[in-house]
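In: need a 3D model of the following:
(one chain, ligands or ions: 1)
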Amino acid sequence: MSSTSLYRSIFSLKCPRCRQGELFNKPGLFRFKDVLEMPEKCTHCDQTFRIEPGFWIGALWASYPIIILIEIPFLLTAIYWQNDHVWIVFVGMLLAFILFFPLMLRLGRSIWIHLFIPFKG
Ligand SMILES: [Zn+2]
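Out: Numbering: from 1, shown residues only. Take a look at the predicted model:
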């Protein structure tokens, strides 16, 4: 039995079915190596993570809003600032994109699989 909440399961990158097993081979939202390396199935409940061909392409629909949320403050700053140094904001935007890239990909996949696999604790 697990008492892990849905949100905790999504943000800690757990298997959606048991909320115990890891979605990725190496845990963490800020891993820059082997970002998308996943086991074939859950080590705890045997739920497959290879749902169907192309399943993970749909995860981009979850990743896209995440990176938009991260970049919006920079865009608003650039609009508000409107001077010759606005390029600094765009450098910040690029750095934020690079920094949050693994988070965007992994959280996107976690949200996506949690939408389709129900919890069976
Ligand atoms: Zn599991």
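
In: contact partners for the spatially most central residue of the chain?
Out: Residue closest to the mean C-alpha point of the chain, counted by Cα atoms, centre = their mean, is Leu107 at 1.4 Å. The contact partners of Leu107, taken as Cβ atoms under 8 Å, 6 or more residues apart in numbering, are Ile10, Phe11, Leu13, Leu29, Ala62, Ser63, Ile66. For the C-beta atoms, the positions are set from N, CA and C on the backbone; glycine is no exception.

In: least confident pick among those?
Out: The lowest pLDDT within these belongs to Leu29, with 91.

In: please name the nearest non-neighbouring residue to Leu36.
Out: Leu105 (6.2 Å; Cβ to Cβ, 6 or more residues apart in numbering).

In: tell me which parts of this protein are close to the ion?
Out: The interface of the chain toward the ion, taken as Cβ under 5 Å from the ion, is made up of Cys15, Arg17, Cys18, Gly21, Cys42, His44, Cys45, Gln47.

In: returning to what we had before: if I look at the residue nearest to the centre of the chain, how far off is the ion?
Out: 18 Å (Cβ to the ion, to the nearest Å).

In: so that residue is in which element?
Out: Applying DSSP states H and E as the criterion places Leu107 in helix 86-116.

In: show me which residues of that helix are buried.
Out: For helix 86-116, burial by neighbour count (16 or more other Cβ atoms under 10 Å) applies to 89, 93, 100-114.

In: export the contacts of Leu107 as TSV, with columns for secondary structure.
Out: What follows is those, written out as TSV (DSSP: H, G, I helix; E, B strand; the rest coil):
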residue	secondary structure
Ile10	helix
Phe11	helix
Leu13	coil
Leu29	coil
Ala62	helix
Ser63	helix
Ile66	helix
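
In: got JSON lines for those, with neighbour count too?
Out: Putting the contacts of Leu107 into JSON lines (neighbours: other Cβ atoms under 10 Å) gives the following:
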{"residue": "Ile10", "neighbour count": "21"}
{"residue": "Phe11", "neighbour count": "15"}
{"residue": "Leu13", "neighbour count": "19"}
{"residue": "Leu29", "neighbour count": "16"}
{"residue": "Ala62", "neighbour count": "20"}
{"residue": "Ser63", "neighbour count": "20"}
{"residue": "Ile66", "neighbour count": "17"}
